[in-house]
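J.: below are the sequence and a predicted model for it; my questions follow.
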Amino acid sequence: TIHDAQQIGLDAVRQRHRSWWSSFWRRGPYLSLEDTLLEAVHYVQQYKMASAQRVGLHDLFGAFGPYGNNMYDHKGHHCPGPWCQYVWDMNVQVSYWITFTGNRPELAEPMAQQLESIEATPQGWVFPTAQGNPPDKSQWGHPHNFVWALHNVYRHCVYTGMRTRLRTGVYPVLREALSNNAEVSLLKSLRETGDGSFHLLRCMSPEYMHGGGVMANCNYGLAITRWALQTALAIVEEFNIQEPLRERWNYTLTRLVPYTTANNRYTIAHNTDLNHPHRHFSHLLHFFDLDLVPYVPNTQEAEYIAAAVDRWYSLTCSKTARDNSECMGFTLAALSIMSARMGRPEAALGNLTRLATNRLMANAWYAEGTPLMPVDESSLASAAAVYALLLQSRGRQVKVFPSLPPTWT
């Protein structure tokens, strides 16, 4: 890099750099908020994401971006900390929320290109070139993790209006995840019971380490499986694809068991309630971020969502929780976004402010682990939480200023 800069000349490098950033900021989005802290969150996270994801310069955003590890990463780069990898049970997915409502589709393009290029093999998902560790079957939630990541590519296509890319990019990969490939198929753990229902016999709810880890009918797995089936069938319908698996997919979808509930709220899995602090929002993925079950006031689903969110907050992040060690930055970001989508602006603002003031470092990075090391999904998610106060959408419905805090005049 230094040699290339010397060949080009410092003045040319400086001019190219300034021209790129000038063009980037001219495209917006511009925010002017009464809360200057959250306004700063927006701008600094946009800057950081752009620095890490300029098309042609970097690959998929890992847990520490392109910046490295205390060992050498997949491209031979050296970097400080334990996060020089792609963490597939949440970090990869959360890092790209900023690009959607934040109106930066070009920053999601490296992610989309890399996930579209993945190949299904009898050993699992494999990137055709050495661009980082593929989804690991030893991680929490395998094989559902990668399909959740593919949801980001789906959103990228929808937000940019690239409908044809759903057919050419998303669908081939999604089809593999719903095929007979035993190592990557979401359907391999489903079993049809005597009543005609399909149950998820073995699954994990990422980072919930109680109940032995492996559970049945976990909401995380059910949500991702349901999204994959619904999306594949919708693409088949939209593009009139002659798909031999269509009948099987539809049969499975219509008989997939409902999400697990107890005591009028959503739970972790069958016979596994949320009884301990939980850093992840895996059990509520059907509400956010897959948006399969919307919050509609005065419905049973809204009652179950509200009760589940309240219990999760109470056990994990409230002042009365016996242990706040599981209340991570991404926990607060997800709580803020969910609260905004539920029409609870005060709670949304409170969780977001707590993240920005207590968990983000002076350089706008986030850190966790022992020893404390930088990792970036939570700081990027903080910007997405700002946007959730200002703009939300579901399907063809767009809500402007849906959850403005009453303290903002």
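T.: Thanks, I have it.

J.: tell me the SS of Ala367?
T.: Assigned with DSSP: H, G, I helix; E, B strand; the rest coil, Ala367 falls in the strand class.

J.: is it in contact with Glu377, as I believe?
T.: No. Between Ala367 and Glu377 there is no contact under Cβ atoms under 8 Å: 11.6 Å. Heads up, the C-betas are built off the backbone N, CA and C, glycines and all.

J.: which one's more surrounded, those two?
T.: Each of Ala367 and Glu377 has its neighbours counted (other Cβ atoms under 10 Å); Glu377 has more, 27 against 19.

J.: who's in contact with that one?
T.: Contacts for Glu377 (Cβ atoms under 8 Å, 6 or more residues apart in numbering) come out as 63, 90-92, 94-95, 329-330, 366.

J.: most neighbours among these, which one is it?
T.: Neighbour max across the contacts of Glu377 (other Cβ under 10 Å) = Ser95, 30 neighbours.

J.: returning to that earlier point: least confident of the contacts of Glu377?
T.: On pLDDT alone, Ala63 ranks lowest of these, at 71.

J.: measure it to Gln93 for me?
T.: Ala63 is 12 Å from Gln93, where distance means Cβ to Cβ, to the nearest Å.

J.: same question for Leu174.
T.: In terms of Cβ to Cβ, Leu174 sits 15 Å off from Gln93.

J.: likewise for Leu222?
T.: Counting by Cβ to Cβ, the separation of Leu222 from Gln93 is 17 Å.

J.: and those two? which has more neighbours close in?
T.: Neighbour count, other Cβ under 10 Å: between Leu222 and Gln93, Leu222 has more, with 26 against 22.

J.: so where do the helices sit in the stretch 1-150 of the chain?
T.: Taking DSSP state H, counting those that start in this stretch, the helices of the stretch 1-150 of the chain run over residues 2-8, 10-26, 36-53, 91-95, 105-116, 144-160.

J.: what about the closest residue to Gln114 other than its chain neighbours, neighbour count?
T.: Distances taken as Cβ to Cβ, 6 or more residues apart in numbering put Leu60 closest to Gln114, at 4.6 Å, once the chain neighbours are dropped. Leu60 has 20 neighbours, counted by other Cβ under 10 Å.

J.: equivalent analysis for Leu315, please.
T.: Neighbourhood size, Leu315 [other Cβ under 10 Å]: 19.

J.: just the pLDDT for it.
T.: Leu315 is assigned a predicted lDDT (pLDDT) of 96.

J.: contacts for the helix or strand it falls within?
T.: According to DSSP states H and E, Leu315 maps onto helix 300-316. Helix 300-316 has contacts (Cβ under 8 Å, 6+ apart) with 261, 263-267, 274-279, 281, 283-284, 287, 293-296, 320-321, 324, 326-327, 331, 335, 338-339, 342.

J.: just the buried members of the residues you listed?
T.: Neighbour counting by 16 or more other Cβ atoms under 10 Å classes 265-267, 274, 277-279, 281, 283-284, 287, 293-295, 326-327, 331, 335, 338-339, 342 among these as buried.

J.: restricted to helices, list these.
T.: Among the buried ones among the contacts of helix 300-316, the members found in helices (DSSP state H) are 331, 335, 338-339.

J.: and of these, the nearest to Val400?
T.: Using Cβ to Cβ, Ser339 is the member of those that sits closest to Val400, with 18.1 Å.
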